[in-house]
Structures are given as C-alpha cells and as structure tokens.
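1. Provided below for reference: sequence and predicted model.
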Amino acid sequence: MYGIFRTLDLFKFRYMATVKYFLRGKKEIKSITLQLSISKGNQPERKTGFSISKKQWSTDIGFPKQTLVENKKLASILRKLKDNVLDNFNQAQAEGIITNGQWLKDQIDICFERIAPSGQSELVIDSIDSLLETADVRKNQKGRNGLSRSRKNDYIAL
C-alpha cells in the first residue's frame with residue numbers, strides 16, 4: 001500500500017502543460033500569440049510571427065476559422081507548433097531545463113527554422129542587432145574599445 005501512495009506523491013507536483021492561441025493588437029490584422037500554461041502564475045507567452053484578421057479568428061476554439069484555404073494551412077501550422085512546443089517542454093522537464101519566455105521564443109523560432117537548434121540566429125538582422133548590442137565593447141581600428149558613432153549609424157542604416 002505504501003507503493004501506491006509513493007507513486008501518487010511523485011505525480012502530485014507534476015503539471016499538464018497546455019498551449020493556447022489568442023490574438024493581440026489594436027488593428028484589424030492582429031498578431032497570433034502562443035501561451036504556454038505550465039502552472040498557475042507561470043504562463044509565458046510569445047508572438048508566433050503570424051497574423052490574421054479578427055474576422056477570420058474563432059475565439060471559441062482559439063484557431064482560424066476553417067472557411068478559407070489559407071486559414072486551413074495556418075491552422076495546420078499552428079497545430080504543428082503546438083505539438084512541437086509540448087514535446088520539447090516534456091523533454092526540457094525531463095532534463096531539468098528552465099522553461100520561461102525566452103525558452104518559448106526559442107522553441108517557436110526553431111520550429112520555423114528562424115534560428116538553428118544551437119540558439120544562433122541565421123537571420124542577417126539578428127547578426128546586425130548583435131553587432132549593435134556589443135558595439136561599445138568591440139575593438140575599433142585604433143585599438144580602443146567602442147565603435148564610432150558613424151559606424152553604429154552605418155549598421156543601423158543597413
């Protein structure tokens with residue numbers, strides 16, 4: 001009988017994570033946001049990178065209305081993302097990885113191949129942003145730290 005209670009104790013603090021989609025924004029075309037509910041008070045959410053008209057979104061089921069071919073494709077993509085996030089969440093829990101908003105953003109980007117699984121973005125824009133973030137500690141041609149204002153402006157313009 002002790003074995004039964006011991007098994008129940010192991011599952012006592014486990015949570016069933018859920019994924020939910022909803023719209024954010026003030027315009028007619030709104031961003032689709034993914035929310036990962038891990039536990040009460042721990043519900044990170046991030047934009048998926050997709051958007052849709054409010055008229056084409058079903059708030060009852062949290063997915064696009066199945067009236068247009070584009071909406072059916074988008075719903076399929078969102079289902080794939082949901083499955084991917086939940087699978088990776090379970091793997092992260094097994095490995096003891098912290099699952100927060102940044103982790104969720106990385107999972108979305110990895111699913112759509114926006115960044116490599118190593119976490120390094122393959123987009124040029126992200127590389128430029130990285131250069132700008134580290135501009136003050138980079139060595140310049142004179143051997144000192146910090147890029148010049150005009151060099152930073154060139155990166156911004158690029």
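-> Done, it's in.
2. report the central residue of the chain.
-> Lys105 (2.2 Å; CA atoms, centre = their mean).
3. got the domain ranges for this protein?
-> Listed domain ranges for the chain are 2-111, 124-157 (source: automatic domain parsing).
4. helices along the protein, start to end?
-> 2-12, 69-95, 101-111, 124-133, 149-157 (DSSP state H).
5. could these go into a markdown table alongside distance to Pro44 and mean pLDDT?
-> For the C-beta atoms, the positions are set from N, CA and C on the backbone; glycine is no exception. Output for these, formatted as a markdown table (distance: least, CB to CB, whole Å; pLDDT from 0 to 100):
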| stretch | distance to Pro44 | mean pLDDT |
| --- | --- | --- |
| helix 2-12 | 23 | 46 |
| helix 69-95 | 11 | 92 |
| helix 101-111 | 4 | 89 |
| helix 124-133 | 21 | 74 |
| helix 149-157 | 30 | 82 |
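6. buried deepest among those helices, which one?
-> helix 101-111 (a mean of 17; mean count of other CB atoms under 10 Å).
7. next, the contact list for Leu78, please.
-> Residues in contact with Leu78, defined by CB atoms under 8 Å, 6 or more residues apart in numbering, are Tyr21, Ile32, Thr48, Phe50, Phe63, Pro64.
8. I'd say the last one and Asn71 touch.
-> Yes - at 3.8 Å, Pro64 counts as touching Asn71 under the criterion of CB atoms under 8 Å.
9. residues touching the closest residue to Leu132 other than its chain neighbours, list them.
-> In this structure, Leu132 finds its nearest non-sequential neighbour in Tyr155, 5.5 Å apart by CB to CB, 6 or more residues apart in numbering. Tyr155 makes contact with Ile128, Leu131, Leu132, Ala135, according to CB under 8 Å, 6+ apart.
10. residues near the last one, how many?
-> Translated: Ala135. By other CB atoms under 10 Å, 17 other residues sit near Ala135.
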